[in-house]
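J.: With the sequence up front, the predicted model follows.
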Amino acid sequence: MDEEAVFRIAGLHKAFGPIPVLRGVDLTLKSGAVTVLMGANGAGKSTLVKIVSGVYARDGGAMILAGEAFEPATPAEAMRAGVVTVHQNINDGVVADLDVATNLTLDRLSGKGAPLLFNPRAVRRQARLVAERMDLTLDLSAMVGDLPLADRQMVSIARAMAHEPKVLILDEPTSSLSSAEANRLFDLIDRLRARGVAILYISHRMSDIRRLADRIVSLRDGRITGVFEGEKLDYEGAVNAMLGQKINLNAVAVREGGQAILDVKALRIAPTSKPFSFTLGDGEIVAVTGLVGVGKTALAESLFGARRPLGGQMTLDGRAYAPRDTGLAIASGVFLVAKDRSDNGIVPDFNIYENMSLPFLRRLSSFSVSRRDRERAEAQRQIASLAIVCRSERDEMDMLSGGNQQKVMVARWLTQASRVLILDEPFQGVDIAARRDIAKKLRASAAGRATLVFLTELDEAFECADRILVMSEHTIVGEHRNSQIDMDRLLAEIAGQHEAAEQ
């Protein structure tokens, strides 16, 4: 084995029933190196991670950790051996009903050698050490369930760091982090790399990959299709190997909006924020971008009736629009694809077509009896249109990859006609191919409505939008047509330096 290799996977196989998921995967993680794993949704990334972290048993192949056979039967065994995973689903890494301090020390409290009696002072003392190592400044007594998504993610990562791992696996760790929080994570990864930790980083964010990657490994259909390393990494080659084809990520034919559908005037969504105005036209897709925490979700919820704005007026098709709740927004034709599909989107106990039709059961019912044939037929159309990978519309949601679950959430709100379709981070945790499918569907179906997409990643906005609005400090500070954009001005607005950009 390579002397630098801390962890090696050889000929790994896994199937679920007759369906092969991993087909002889070979992967080496080197000491002090960040290996980025790229793969389309359904390529086998999640299955690979779950085998390594002790959730699934493998069907064939071998794993070797520090020169010895590695065969974890549970996640706890993997963790004790020094292989620690931070999963994409934040709720897998934290316990919402416990405070921050207990979450940070939970594994010590429940693992081997755990104290017989719970000592709150000792817990807080240990938690403070973990938090300081991570530069985490949260209130240790705060309940994790009350924290914003980004803070819960930081708690999950800090909890993993407490184990001082030999191998650290990070699955889309920056999907809910602000730029400052992501940079804090990157600094920590640099320190771990310097200490010889082998890191497997799963991401499709090119900004993350360019900042961190020493090597890139591409996975497609359960097989490794490319390994890219050296002084100058071939990012385009890695994407092409992941997809099995070349794609043009910037092929947006910018369109002008038609007749005004939604008109927002002097809206104020936070006590100290400045009022702002914008108009959405028929057939256009408008992206709202900005850093995490600048008010994108607050604006989305204000438009959807989930919160009341503090001032301003809105008109929908020329008539006053001020929904008191989400039901009235939906009845008015304003739909929202929520940000967090695990908390606000999917119903795991329902199958695909039941999830798609859930908000519209009254429309699909006759004499209070749901028209299942209509539900299934519409689900079949959306599955084909969005290239959702499944056996049929009857598949349970937990059988789908994260990207395909996200496609179902988008499809849900496309099964019925809307006047305004709002999507809050629709590409979060979604690979480039799935992102392309969703963007293509949004653009193909844009006529007859206005589409508003809230995004943190600029490249995602460039790939789908006709116009780009920039938010900072809970207000709109810039507007750009998605053609020949002044990048210096755009970046200054995102960084909160919009006054300087206007001079």
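T.: That came through fine. All of these numbers come straight from a predicted model, not from anything done at the bench.
J.: ok, and what's touching whichever strand or helix holds residue 8?
T.: In this structure, residue 8 is located in strand 5-16 according to DSSP states H and E. Contacts of strand 5-16 with the rest of the structure, by CB atoms under 8 Å, 6 or more residues apart in numbering, involve 1-2, 20-31, 44, 47-48, 51-52, 56, 58-66, 70, 83, 166-167, 196, 198, 222. The way it works is simple: take the backbone N, C-alpha and C, and place the C-beta from them, glycine included.
J.: quick one: low-confidence parts of the stretch 201-350 of the chain?
T.: Scanning the stretch 201-350 of the chain for pLDDT under 70 picks out the ranges 245-251, 292, 340-345.
J.: mind running it again at 80?
T.: Low-confidence regions of the stretch 201-350 of the chain, defined here as pLDDT under 80, cover residues 204-207, 236, 239-240, 243-252, 291-293, 339-349.
J.: same check, this time on the stretch 1-150 of the chain
T.: For the stretch 1-150 of the chain, the stretches with pLDDT under 80 are 1-4, 40-42, 87-93, 106-122, 133-136, 148-150.
J.: Quick one: the strands in it, in order.
T.: Taking DSSP state E, counting those that start in this stretch as the criterion, the stretch 1-150 of the chain contains strands spanning 5-16, 19-30, 34-39, 60-65, 68-69, 83-86.
J.: what do you get for the stretch 251-400 of the chain?
T.: Read by DSSP E, counting those that start in this stretch, the stretch 251-400 of the chain holds these strands, from start to end of the chain: 260-268, 276-281, 285-289, 311-316, 319-320, 334-337, 365-366, 369-370.
J.: right, and these - which one's nearest residue 231?
T.: strand 285-289 (32.4 Å; CB to CB).
J.: quick one: strands adjacent to that closest one?
T.: When sheet partners are counted by DSSP bridges, strand 285-289 sits next to strand 450-455 (parallel), strand 467-472 (parallel).
J.: Redo those strands as TSV? Include mean pLDDT and mean neighbour count.
T.: Conversion of the strands paired with strand 285-289 to TSV gives the following (pLDDT from 0 to 100; neighbours: other CB atoms under 10 Å):
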stretch	mean pLDDT	mean neighbour count
strand 450-455	95	25
strand 467-472	93	24
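J.: Can you list the buried residues in stretch 129-140?
T.: Taking 16 or more other CB atoms under 10 Å as the neighbour-count basis, stretch 129-140 is seen to contain the buried residues 130, 131, 134, 136, 138, 140.
J.: what's the neighbour count on the nearest residue to the fifth one once chain neighbours are set aside?
T.: Distances taken as CB to CB, 6 or more residues apart in numbering put residue 100 closest to residue 138, at 5.4 Å, once the chain neighbours are dropped. The local packing of residue 100 (other CB atoms under 10 Å) involves 28 other residues.
J.: next one: residue 436
T.: By other CB under 10 Å, the burial measure for residue 436, its neighbour count, is 21.
J.: Then it would be within a helix, right?
T.: Yes. Inclusion of residue 436 in a helix is indicated when DSSP: H, G, I helix; E, B strand; the rest coil is applied.
J.: Show me which pair in the buried residues of stretch 129-140 is furthest apart.
T.: 134 and 140 (12.2 Å).
J.: what would the strands of the stretch 1-150 of the chain look like in JSON lines with mean neighbour count?
T.: Supplementary listing: the strands of the stretch 1-150 of the chain in JSON lines, determined by neighbours: other CB atoms under 10 Å:
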{"stretch": "strand 5-16", "mean neighbour count": "18"}
{"stretch": "strand 19-30", "mean neighbour count": "19"}
{"stretch": "strand 34-39", "mean neighbour count": "26"}
{"stretch": "strand 60-65", "mean neighbour count": "17"}
{"stretch": "strand 68-69", "mean neighbour count": "8"}
{"stretch": "strand 83-86", "mean neighbour count": "25"}
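J.: For residue 260, find the nearest of those.
T.: Comparison of those against residue 260 by CB to CB identifies strand 34-39 as nearest, at 41.0 Å.
J.: what pairs with that closest one, and is each one parallel or antiparallel?
T.: Paired strands of strand 34-39, with direction, are strand 198-202 (parallel), strand 215-220 (parallel) (DSSP bridges).
J.: which residues are contacting the shortest one?
T.: So the one you mean is strand 198-202. Residues from elsewhere that reach strand 198-202, judged by CB under 8 Å, 6+ apart: 5-7, 29-39, 45, 49, 88, 166-173, 189, 192-193, 208, 212-213.
J.: can you do 6 Å?
T.: Judged by CB atoms under 6 Å, 6 or more residues apart in numbering, the contacts made with strand 198-202 from elsewhere in the structure are 6-7, 29-31, 34-37, 45, 167-171, 212.
J.: Between those, which sits nearest residue 299?
T.: Comparing every one of those with residue 299 (CB to CB), the shortest separation belongs to residue 171, at 28.7 Å.
J.: sorry, back to before: could I get the strands of the stretch 251-400 of the chain as a markdown table with distance to residue 327?
T.: Shown next, in a markdown table, are those (distance: least, CB to CB, whole Å):
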| stretch | distance to residue 327 |
| --- | --- |
| strand 260-268 | 18 |
| strand 276-281 | 22 |
| strand 285-289 | 24 |
| strand 311-316 | 15 |
| strand 319-320 | 18 |
| strand 334-337 | 11 |
| strand 365-366 | 16 |
| strand 369-370 | 18 |
